[in-house]
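1. below are the sequence and a predicted model; questions follow.
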Amino acid sequence: METTAIELREELFQVQVAMPFPERFTNAYVSRRWADGAVRWQILDPGFYDDQTEATWRAALDELGIGRGQVEAIYVTHFHTDHLAAAGWLQQETGAPVYILDHEVAFAEASVAGQVFGGRGDGLRRRWFEALGVPLDNREAEREVLSFRSYLRYAPVTLTPLAPQSRVPFGDEEAEVLWAPGHTNGQLVLYLPRRRELLAGDHILPKITPNTSRMPYGLLDPLGAYMRHLETLMQLPIARIWPAHGVPLDDGIRRIVEIYDHHVERAEQAWRLTAGDRSVFEVCLDLFAYRHLSKADWRLALGETLAHLEYLVGLGWADRLVDGRRTFPQARLERFLEATDGPAPRITYEPRRR
Ligand SMILES: [Zn+2]
């Protein structure tokens, strides 16, 4: 018989939840502890939500013998559909509370309600893309740029916020809840100090670098926040990383350093590519010229390009220009776009000469 719940080590299991994205599966983790002779289960990242997910989880709960009322916590690393979407359904099935970092609650609730950008960016969506030089010159382009994927289906869920640095039950030890910003505003990762393991969500992935995008009303400098957090993680004793996609990483620190170096290299490239009054969209096409961008990919590529450019501004390696005028580094991009009438200003970046 094929098993749905794979035993990874003592008191830790993995359930692979299928999804229609390139990574194909989300790794959900299921852990177990014993308290006063009774068993208590914890689940991390229920995954994408469709009929197949329901069947997968039913099989896994059955195999592990998890009864209603025995799950004490469902943790969700971040609001993206391949992590949070099925949480509400699993909450119904098990009766368990669903925990997410308090920083992530607004984005999570907006997503469940079918809104993008935390429900705040709708008004400036068009001006945002115009300002970055995305061609919106015909109806088709406009539809493609401004529409968002319609298959993002979330089960309704009641969320309980967690504070960073809190300690929560996870298997036979207590996990430390860490705020790991960058990929989203408020992603959480769980650190198991005794085993030196990190349940990393999408913060550290084996094959791809997690997308760190500057999105409307998201983190002002998401790449800066991400890099600073990687610096913190490099100082932690981390042996193994359990990622949300792909295979476990047995040399965790090495992968963290690799991702860090990669972004430094990309920031250097972005710095060179900004020269000559080019739009963010043009810089993006060059920065990602090495690979074919699908329709779903390029918006993330644009957000990531913008994140690199804002990172350079924060470091003092580039200036941000709005209609050709230099702006104060800490000025929020939204400030220049919130006006609803008139054409969007042109936002460009200029490398500082060193
Ligand atoms: Zn993911």
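-> That came in fine, so what should we check first? Residues are numbered from 1 along each chain as shown.

2. which ones are touching L315?
-> G224, A267 (C-beta atoms under 8 Å, 6 or more residues apart in numbering). (C-beta placed from N, C-alpha, C; glycine too.)

3. rerun at 10 Å
-> D221, G224, M227, A267, W271, P329, R352 (C-beta atoms under 10 Å, 6 or more residues apart in numbering).

4. and those, which are buried?
-> With burial judged by 16 or more other C-beta atoms under 10 Å, the buried subset of these is D221, G224, M227, A267, W271.

5. show me which residues of the stretch 101-250 of the chain are close to the ion?
-> D202 (C-beta under 5 Å from the ion).

6. smallest gap between the stretch 101-250 of the chain and the ion, at which residue?
-> D202 (4.3 Å; C-beta to the ion).

7. tell me, what's the model's pLDDT at that residue?
-> The per-residue pLDDT reported for D202 equals 97.

8. that one against P243, yeah?
-> Yes: in this structure D202 lies within contact range of P243 using C-beta atoms under 10 Å: 7.7 Å.

9. between the two, which contacts overlap?
-> Joint contacts of D202 and P243 (C-beta under 10 Å, 6+ apart) are E23, P210.

10. now the residue in the stretch 1-150 of the chain positioned nearest to the ion: which helix or strand?
-> Of all residues in the stretch 1-150 of the chain, D82 sits closest to the ion, at 4.4 Å by C-beta to the ion. D82 belongs to helix 81-84 when assigned by DSSP states H and E.

11. which other helices and strands does that helix contact?
-> Secondary-structure packing of helix 81-84 (3 or more C-beta pairs under 10 Å, 6 or more residues apart in numbering; DSSP states H and E): strand 12-18, strand 25-35, strand 98-101, helix 105-112.

12. alpha carbons of the helix or strand harbouring Y349, as PDB, please.
-> Using DSSP H and E, the element containing Y349 is strand 347-351. Provided in PDB are the C-alpha atoms of strand 347-351 (Å, rounded to 0.1, in the frame of the first residue of the first chain):
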ATOM      1  CA  ILE A 347       9.800  55.700 -11.600                       C
ATOM      2  CA  THR A 348      13.400  54.900 -12.500                       C
ATOM      3  CA  TYR A 349      16.600  54.100 -10.800                       C
ATOM      4  CA  GLU A 350      20.100  55.500 -11.400                       C
ATOM      5  CA  PRO A 351      23.300  53.900 -10.200                       C
END
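
13. now do that strand: which elements does it pack against?
-> Packed next to strand 347-351, using 3+ C-beta pairs under 10 Å, 6+ apart, are helix 125-131, helix 252-273, helix 280-287, helix 295-315, strand 318-322, helix 333-337.

14. repeat that with 6 Å
-> Strand 347-351 sits against strand 318-322, with contacts defined as 3 or more C-beta pairs under 6 Å, 6 or more residues apart in numbering; DSSP states H and E.

15. the closest residue to A270 other than its chain neighbours and V76, how far apart?
-> With sequence-adjacent residues excluded and distances taken as C-beta to C-beta, 6 or more residues apart in numbering, A270 is closest to H308, at 4.2 Å. To V76, H308 is 28 Å away according to C-beta to C-beta, to the nearest Å.

16. same question for I100.
-> Distance from I100 to V76, by C-beta to C-beta: 5 Å.

17. R266 now?
-> Distance from R266 to V76, counting by C-beta to C-beta: 29 Å.

18. more neighbours, those two?
-> V76 (28 against 18; other C-beta atoms under 10 Å).

19. let me see the contact set for the more buried one.
-> By C-beta atoms under 6 Å, 6 or more residues apart in numbering, V76 lies in contact with H83, L84, A87, I100.

20. pick out whichever of these sits closest to G67.
-> Distances from G67 to the contacts of V76, taken as C-beta to C-beta, are shortest for A87 (19.1 Å).

21. measure that closest one to L44 for me?
-> Per C-beta to C-beta, A87 is found 10 Å from L44.

22. with adjacent residues omitted, what lies nearest to the most centrally placed residue in the chain?
-> In the chain, the centroid-proximal residue (C-alpha atoms, centre = their mean) is H183; its distance is 3.6 Å. Closest residue to H183 apart from its sequence neighbours, by C-beta to C-beta, 6+ apart: P210 at 4.4 Å.

23. mind checking the SS state of that neighbour?
-> Assigned with DSSP: H, G, I helix; E, B strand; the rest coil, P210 falls in the coil class.

24. surely it is in contact with D202?
-> Yes: using C-beta atoms under 6 Å, P210 is in contact with D202, at 4.7 Å.

25. overlap in contacts, those two.
-> Common neighbours of P210 and D202 (C-beta under 6 Å, 6+ apart) are H183.

26. what's the burial count for D122?
-> Look at D122: counted by other C-beta under 10 Å, it has 11 neighbours.
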